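Peer 1: this one's sequence-less:
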Ligand SMILES: Cc1cc2nc3c(=O)[nH]c(=O)nc-3n(C[C@H](O)[C@H](O)[C@H](O)COP(=O)(O)OP(=O)(O)OC[C@H]3O[C@@H](n4cnc5c(N)ncnc54)[C@H](O)[C@@H]3O)c2cc1C
Ligand SMILES: O=C(O)[C@@H]1CCCCN1
């Protein structure tokens, strides 16, 4: 039976992925008592935040993300200083596509509007500057020099160390099994019961499991993503001087493809498809899940046609989870009935870079201070008319 722990925390945060860690970090920075609960022993690779690398960039078609990235870059640098760990490598980033295409053009306009340094390279310029990328005719690239790679595993470790140093408490290997709303909110895990003034749920693909007994279901789709690594034919050709890239070819490929330079595994370039197979996070690796590999076929075709210096079959395949919302924008909001329960979910495969501001906003919602950003695009009520939602 779970024993009761009689300390009243300012907040309990459920889930020690990047969003829960950054939320707990902001609580400790503001001298609040926080308890971060994680179902698995840390570190683990069963959610969405593990692995060596993630892309960071300001290049977005939505200007609210570009605006948030300004402060994200500052907080990432602050975290590097406080932890003495290098977490960001500036490689530059290319958005590859056609000028006539809406998302490509909006991204370029958005970078101009926010004064972010960038350039457009047409097909000939791309061929000259990046001879190991072969674009289809009529395609070009937007170059954003501040794009780069974030070290994901190192960031999680740095945050968890700082949370503890600043007086926060992290309990791993403790799965939350029951939440009793109210003031205080009572949270029971596989070993103990705790109480807090507020609760933040950042449970990644497990979010709806925790929300079901709290009377809501969000329209979240959990996807299993194949993380593929492709071998250089000539060692070093897609390494040190190669940028991150995002491929926006809606006429040719339904979802984005993205890549990061070789480095994580020597001689292997990480290239993934921004879509996968529907999967329950608890059954992600069951043989019965028998994943369809349409994504790998699409990636192989892209590598063969556009990155001729790579072997067109993956050398390594790993696994990660996405939790997608219908519009691919995040959910950052309070529970509709319980104001001291805050939800951060639906990061739709692009939430890592934005986690410093996500954590700040979730902290602000929990302590009832005015959020630093307009949260309209992230509200739960935008799903009022969705089939899968029960709000
Ligand atoms: C292959 C891949 C590539 C990506 N690339 C990029 C990129 O280039 N750039 C970018 O910005 N983003 C990228 N992302 C997205 C980014 O990694 C995610 O948006 C982010 O990691 C989501 O973090 P999270 O904290 O919400 O979820 P998670 O990391 O899944 O964390 C949730 C945590 O909650 C815990 N939990 C759940 N239920 C319970 C419970 N009952 N009790 C206790 N603990 C519980 C889980 O165990 C887990 O640790 C990528 C994601 C993937 C999968
Ligand atoms: O967030 C990112 O930057 C990457 C590349 C684009 C698709 C989503 N994941």
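Peer 2: Yes, it's here. Just so we're clear, the structure is a prediction, and the values are computed from it rather than from any experiment. Ligands and ions are numbered 1, 2, ... in the order given.
Peer 1: now do the same contact list for residue 340.
Peer 2: Contacts for residue 340 (Cβ atoms under 8 Å, 6 or more residues apart in numbering) come out as 181, 183, 185, 197-199, 334, 366. Where you see a C-beta, it was placed from the backbone N, CA and C, and this is true even at glycine.
Peer 1: which of these fall in helices?
Peer 2: residue 366 (DSSP state H).
Peer 1: among the contacts of residue 340, the buried ones, what's the ChimeraX command?
Peer 2: The following ChimeraX line selects those of the contacts of residue 340 that are buried, judged by 16 or more other Cβ atoms under 10 Å:
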select :181,185,197,198,199,334,366
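Peer 1: and the contacts of residue 340 as a markdown table, adding distance to ligand 1 and pLDDT?
Peer 2: Listed next are these as a markdown table, based on distance: Cβ to the nearest ligand atom, whole Å; pLDDT from 0 to 100:
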| residue | distance to ligand 1 | pLDDT |
| --- | --- | --- |
| 181 | 16 | 98 |
| 183 | 21 | 97 |
| 185 | 14 | 98 |
| 197 | 19 | 98 |
| 198 | 17 | 98 |
| 199 | 12 | 98 |
| 334 | 17 | 98 |
| 366 | 16 | 98 |
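Peer 1: looking at the contacts of residue 340, which is nearest residue 315?
Peer 2: residue 199 (42.9 Å; Cβ to Cβ).
Peer 1: and the closest one, what does it touch?
Peer 2: The contact partners of residue 199, by Cβ under 8 Å, 6+ apart, come to 11-14, 179, 185, 187, 340-342.
Peer 1: 6 Å instead?
Peer 2: Residue 199 makes contact with 12, 185, 341 under the criterion Cβ atoms under 6 Å, 6 or more residues apart in numbering.
Peer 1: element containing the first one, please.
Peer 2: Residue 12 is part of strand 3-14, with elements assigned from DSSP states H and E.
Peer 1: helices and strands around the next helix or strand after that strand, which ones?
Peer 2: Downstream of strand 3-14, the next assigned helix or strand under DSSP H and E is helix 18-29. Applying 3 or more Cβ pairs under 6 Å, 6 or more residues apart in numbering; DSSP states H and E, one finds that helix 18-29 contacts strand 3-14, strand 34-37, helix 152-165, helix 355-366.
Peer 1: what about the residue nearest to residue 246 when sequence neighbours are not counted, how many residues close to it?
Peer 2: Spatially, and ignoring its direct neighbours in sequence, residue 246 is nearest to residue 258 (4.8 Å; Cβ to Cβ, 6 or more residues apart in numbering). By other Cβ atoms under 10 Å, 22 other residues sit near residue 258.
Peer 1: still on that earlier bit, mind putting the contacts of residue 199 in a markdown table, distance to ligand 2 included?
Peer 2: As requested, the contacts of residue 199 are arranged in a markdown table below (distance: Cβ to the nearest ligand atom, whole Å):
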| residue | distance to ligand 2 |
| --- | --- |
| 12 | 28 |
| 185 | 32 |
| 341 | 27 |
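Peer 1: any idea how the protein splits into domains?
Peer 2: 3-49+153-220+326-383, 93-145+222-320 (automatic domain parsing).
Peer 1: hmm, the shortest one in reach of ligand 2?
Peer 2: Yes. With Cβ under 6 Å from any ligand atom as the threshold, domain 93-145+222-320 lies in contact with ligand 2, specifically through 246, 256, 258, 274.
Peer 1: now the strand holding residue 12: average pLDDT?
Peer 2: Mean pLDDT, computed over strand 3-14, is 90.
Peer 1: same deal with stretch 231-248?
Peer 2: 96.
Peer 1: just the element for the residue nearest to residue 246, please.
Peer 2: strand 257-265.
Peer 1: the strand holding residue 12 to helix 152-165, inter-axis angle?
Peer 2: 130 degrees (axes from the mean of the first three to the mean of the last three Cα atoms, to 10 degrees).
Peer 1: what packs against strand 3-14?
Peer 2: Using 3+ Cβ pairs under 6 Å, 6+ apart: strand 3-14 touches helix 18-29, strand 34-37, strand 192-201.
Peer 1: give me the residues contacting that strand.
Peer 2: So strand 3-14 is contacted by 20, 23-24, 27, 32-37, 176, 184, 187, 192-201, 203, 366 (Cβ under 6 Å, 6+ apart).
Peer 1: of these, which count as buried by neighbour count?
Peer 2: 20, 23-24, 27, 32-37, 176, 184, 187, 193-201, 203, 366.
Peer 1: tell me where the model's unsure across the protein.
Peer 2: Filtered on pLDDT under 70, the chain yields the residue ranges 1-2, 5, 288-291, 387-389.
Peer 1: mind checking the longest strand of it?
Peer 2: Using DSSP state E, we find that the single longest strand of the chain is strand 310-324.
Peer 1: residue 249 in helix, strand or coil?
Peer 2: coil (DSSP: H, G, I helix; E, B strand; the rest coil).
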